[in-house]
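Student: Any chance you can model this:
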Amino acid sequence: MGRSVIGYPGFVGGAGLASSGPHRGLVVLGLTALLGLAGCAGAQAPTAAEQQAGEAPRAARVSHAAPETPPPVTPKPKPVGVPPAARQAVEDAYEAVRARRWDDLGRLAPLAAADPVLGLYPRYWALRQQLQNRAQPVPDAEVRRFLADSPGTYLNERIRADWIVAATRSGDYATALAVPALADPPAQARCALLLARHQTGKRARASEILDAFRYNTDCFALLDQAAADHVLDRKELNGLLRDTLETGKQRNAGRVAGGVFDDAAMVQYAALMKNPRKWLESRDQPRAGVDVELAAIALSRLARADDRPEAARYIQQHWAGWMPKSDLQWVWGQFGLVAALNVDPEAARWYRQSGAEPMTDYNHAWEVRAELRVAPQNWKRVAAAIRKMTDRQADEPVWRYWYGRALAAQGDAAGARKYYESIVDEQGFYGLLAAEELGRTPRLPAQPGALNPGWIAQARANPGLQRAVALFDLGWRREAVPEWNFALRGMSDSQLRGAAEFAREEQIYDRVVNTSQLTQDVADFSQRFIAPFEGQVEAKARLINLDTAWVYGLIRQESRFITDARSRVGASGLMQLMPATARHVARKIGMKNFSPSQVTDFDTNTILGTNYLNMVLQDLDGSELLATAGYNAGPGRPKRWRAQLPAPVEGAVFAETIPFTETRLYVKNVLSNTVYYAMLFTGRPDSLKARLGTVGATTVTRTARP
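Tutor: Next up is the predicted model:
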């Protein structure tokens, strides 16, 4: 069985979502997953399958569940009366938190309490700060009072998680274990609970620890205690360290290494991480297990050398005879990974030297991608690489599709058909491709019946959704999104559709899409592929002969139709323009008196965004595939990726082997979005394979575009 951790390939500068399957349980989740944000605009939550393997999700399979009994239709609830002074106190408290003026919260919280919608927030912020301040005693009595005053709310759940962490950090394990259970504890609380249980006599198991582990303070505390108590054996600790090194996060790797090696070995570890070749040249044949592990790590670091072939020759000449076979195979797997992430044609050759050594899910995926880029493709090797995966990873739509392709290429049409049929109902990139492989005309799923107004009325009256809307109205998206998502817990399909319609009424379009995508037995494409702004986007696209469906597909992925969306890297507006890009396009099209402050204005953003998309499209030979990748990663990158192709490839292969996780997912989502929008707008079938086309190699790698 394979190991399964996905790392973040920071050592090649790629953008990516870190995620995993079940390798000893280790999963790496970024802040985007915790905040419910992802993508360029920070508006789309990463899905479960993306968290498993960095790829597109399985969509809900549409079934024919019995209709639900709708609630009675009630009048729209009257707006809750909010005393202006109380709401102002909430807003002042928010600014105090941003400015870290913690003392102000004690004064503002009582004033804000009169706000029946958001009045708990200042009190929560003050209490959270006390819980996070290790210099103060844990305010147990105040937490209990808060919990009594906030039953069933998102903040109640949040403060319980914070309380568990604070109590465990203070050594009050009994209190941590007595906190009312959380439905879905965050990583820090989960590790804190395991540590509290372990320290009170119920010893944590290795599988539990590795399953809970994330790279945060409380999980490291659990790991350190588990290592000290010999809960994890040497093999498990070494595996965790190797997987952490693969993410490219050296600080995290150093923390894990501290639990693996003693002080003397840590000195050697620091030296090899600084200069692995120099360290290796000073060593003799490894004798003890710790020496083998240090040598394996050092050899794997040579994969990052400027001259990988020379580094590989050095290993073959000086170390291959000294290292155990499995350790050497792991090293070659690291050479394959780094080469694949740099679109090096030699990646497959190094992967083939890794034999059957189990790897992380992330690495198994890249072995398949490396084989897909080989010219001519060896589909037998593609299939063999997929068979090395864990069952869970191999069951993901991406690998079921490529395994079907491999079977078809080897003449097993019946076997291929079986794999295509298993994913053809997936509403996304691979479902669309599978349908075309089966020769079926792409079509939209049947639209469910009209939603009973009672479900919308129920959503309007939901206190949690009302709180979220109030937060959205204040522009506090970071607080609003989790409030909204918490309120959706346990909702039926009809309730979710009602909540999505409530979001549409409030013009919170990202919640329309994301809420509707949670339904299990119906797929309401009028919500999932909402097309707001009443033709204004279409007008901008038609001015320069751009495909409106493509523009909508891109906006849906970029910002989820949030006009004032801002990304972590500074992109803004519906079409997520970087400041330099906006200035470049404004200058090229002769936009007079352009100011960066205008970039979130609807008209300005869509004019600049569509023009930039068109410029990138023309620079990249009219290929929607390449232009979509260029819009996300910069137009120079797809040119460089093309330049390293050994031969022309079908567009699906090029998309699959984009080395930046974020860009790869982005391209797949934008182009599948485009197909669905095209069918919605025209009422006619549309072909994803035709849009992907074929990508040929080129020697042109320069671009004038930012």
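
Student: count of neighbours near residue 339?
Tutor: Residues lying near residue 339 (other C-beta atoms under 10 Å) number 23. Where you see a C-beta, it was placed from the backbone N, CA and C, and this is true even at glycine.

Student: element containing it?
Tutor: helix 325-341 (DSSP states H and E).

Student: Just the pLDDT at residue 561, thanks.
Tutor: As predicted, residue 561 sits at a pLDDT of 93.

Student: Touching, it and residue 509? I think so.
Tutor: Yes. In this structure, residue 561 is within contact of residue 509 by C-beta atoms under 8 Å, at 3.7 Å.

Student: shared neighbours, those two?
Tutor: Each of 530, 532 lies in contact with both residue 561 and residue 509 under the rule C-beta atoms under 8 Å, 6 or more residues apart in numbering.

Student: Low-confidence ranges, the protein, go.
Tutor: Along the chain, the model assigns pLDDT under 70 to residues 1-66, 699-706.

Student: Any chance you could list what contacts stretch 441-455?
Tutor: Residues contacting stretch 441-455 (C-beta under 8 Å, 6+ apart): 62, 70-74, 427, 432, 435-436, 494-495, 497-498, 501, 522-526, 675-676, 679-680, 685-688.

Student: Distance from that stretch to the middle of the chain?
Tutor: Centroid separation for stretch 441-455 versus its chain: 28 Å, with C-alpha atoms, centre = their mean, to the nearest Å.

Student: Using PDB, list the CA coordinates for it.
Tutor: Written as PDB, here are the backbone C-alpha positions of stretch 441-455 (Å, rounded to 0.1, in the frame of the first residue of the first chain):
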ATOM      1  CA  THR A 441     -23.500  14.100 -26.100                       C
ATOM      2  CA  PRO A 442     -22.600  16.400 -23.200                       C
ATOM      3  CA  ARG A 443     -25.800  17.600 -21.500                       C
ATOM      4  CA  LEU A 444     -26.900  19.400 -18.300                       C
ATOM      5  CA  PRO A 445     -28.600  17.400 -15.500                       C
ATOM      6  CA  ALA A 446     -32.300  17.700 -15.200                       C
ATOM      7  CA  GLN A 447     -33.300  20.900 -13.400                       C
ATOM      8  CA  PRO A 448     -35.100  20.000 -10.200                       C
ATOM      9  CA  GLY A 449     -38.600  21.200  -9.700                       C
ATOM     10  CA  ALA A 450     -39.400  24.700  -8.500                       C
ATOM     11  CA  LEU A 451     -38.500  25.300  -4.900                       C
ATOM     12  CA  ASN A 452     -41.300  25.800  -2.500                       C
ATOM     13  CA  PRO A 453     -41.200  29.400  -1.100                       C
ATOM     14  CA  GLY A 454     -41.500  27.900   2.400                       C
ATOM     15  CA  TRP A 455     -37.900  26.800   2.300                       C
END
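
Student: buried set for it?
Tutor: If you call a residue buried by 16 or more other C-beta atoms under 10 Å, then stretch 441-455 has these buried ones: 442, 444, 448, 451-452, 454-455.

Student: now the residues you listed in a markdown table, with distance to residue 162?
Tutor: Shown next, in a markdown table, are the buried residues of stretch 441-455 (distance: C-beta to C-beta, whole Å):
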| residue | distance to residue 162 |
| --- | --- |
| 442 | 48 |
| 444 | 45 |
| 448 | 40 |
| 451 | 38 |
| 452 | 39 |
| 454 | 37 |
| 455 | 34 |
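
Student: What is the nearest of these to residue 628?
Tutor: residue 442 (18.6 Å; C-beta to C-beta).

Student: Was I right to think residue 315 contacts residue 300?
Tutor: No. In terms of C-beta under 8 Å, residue 315 does not count as a neighbour of residue 300; the distance is 9.8 Å.

Student: higher neighbour count, these two?
Tutor: For residue 315 versus residue 300, the count of surrounding residues by other C-beta under 10 Å is larger for residue 300: 23 against 19.

Student: How about that one: what's its closest non-neighbour residue?
Tutor: Using C-beta to C-beta, 6 or more residues apart in numbering and skipping the chain neighbours, the partner closest in space to residue 300 is residue 334 (4.1 Å).

Student: neighbours of the one you found, just the number please.
Tutor: 24.

Student: Hmm, it is touching residue 248, no?
Tutor: No. Applying C-beta under 8 Å as the test, residue 334 and residue 248 come out as separate, 11.3 Å apart.

Student: helices or strands up against the longest helix along the chain?
Tutor: Longest helix in the chain, counting residues (DSSP state H): helix 661-682. Counting contacts by 3 or more C-beta pairs under 8 Å, 6 or more residues apart in numbering; DSSP states H and E, helix 661-682 is packed against helix 429-437, helix 548-558, helix 624-633, helix 651-656, helix 688-692.

Student: How far does that helix sit from its chain's centre?
Tutor: The answer for helix 661-682 is 17 Å, by C-alpha atoms, centre = their mean.

Student: Over to stretch 367-378?
Tutor: The answer for stretch 367-378 is 25 Å, by C-alpha atoms, centre = their mean.

Student: residues in contact with it?
Tutor: So stretch 367-378 is contacted by 333, 336, 339-340, 343, 345, 347-348, 351, 354, 359, 381-382, 385-386, 388, 399, 402, 409, 645-647, 649, 653, 656-657 (C-beta under 8 Å, 6+ apart).

Student: Which ones among these lie within strands?
Tutor: residue 649 (DSSP state E).

Student: and the contacts of stretch 367-378, which are buried?
Tutor: Among those, those classed as buried by 16+ other C-beta under 10 Å are 333, 336, 339-340, 343, 345, 347-348, 351, 354, 359, 381-382, 385-386, 388, 399, 402, 645, 649, 653, 656-657.

Student: follow-up on the earlier one: anything in contact with each of residue 315 and residue 300?
Tutor: residue 331.

Student: Tell me how far the nearest residue to residue 461 once chain neighbours are set aside lies from residue 664.
Tutor: Of all residues beyond its chain neighbours, the one nearest residue 461 is residue 77 (5.3 Å), with distances taken as C-beta to C-beta, 6+ apart. Between residue 77 and residue 664 the computed distance is 44 Å (C-beta to C-beta, to the nearest Å).

Student: Neighbour count for these two, which is higher?
Tutor: Between residue 77 and residue 664, counted using other C-beta under 10 Å, residue 664 has the larger neighbour count: 25 against 11.

Student: what sits against the residue of the chain most remote from its centre?
Tutor: Distance from the C-alpha centroid of the chain, by C-alpha atoms, centre = their mean, peaks at residue 284 (43.0 Å). For residue 284, the contact set (C-beta under 8 Å, 6+ apart) is empty.

Student: before we move on, back to that, closest one to residue 271 among the helices and strands packed on helix 661-682?
Tutor: helix 624-633 (35.7 Å).

Student: tell me the angle that closest one makes with helix 548-558.
Tutor: 30 degrees (axes from the mean of the first three to the mean of the last three C-alpha atoms, to 10 degrees).

Student: Pull the residues that contact helix 624-633.
Tutor: So helix 624-633 is contacted by 15, 40, 547, 550, 554, 612-613, 616-617, 619-620, 635-638, 641-642, 651, 654-655, 658, 660, 662-663, 666-667, 670-671, 674, 691-693, 695, 705 (C-beta under 8 Å, 6+ apart).

Student: CA atoms of that helix as CSV?
Tutor: What follows is helix 624-633 as a C-alpha-only set of coordinates in CSV (Å, rounded to 0.1, in the frame of the first residue of the first chain):
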residue,chain,number,x,y,z
GLU,A,624,-8.4,28.8,-24.0
LEU,A,625,-6.5,26.2,-22.1
LEU,A,626,-3.2,28.0,-22.2
ALA,A,627,-4.8,31.4,-21.7
THR,A,628,-6.6,30.2,-18.6
ALA,A,629,-3.4,28.9,-17.2
GLY,A,630,-1.7,32.2,-18.1
TYR,A,631,-4.4,34.3,-16.5
ASN,A,632,-3.8,32.5,-13.2
ALA,A,633,0.0,31.8,-13.2
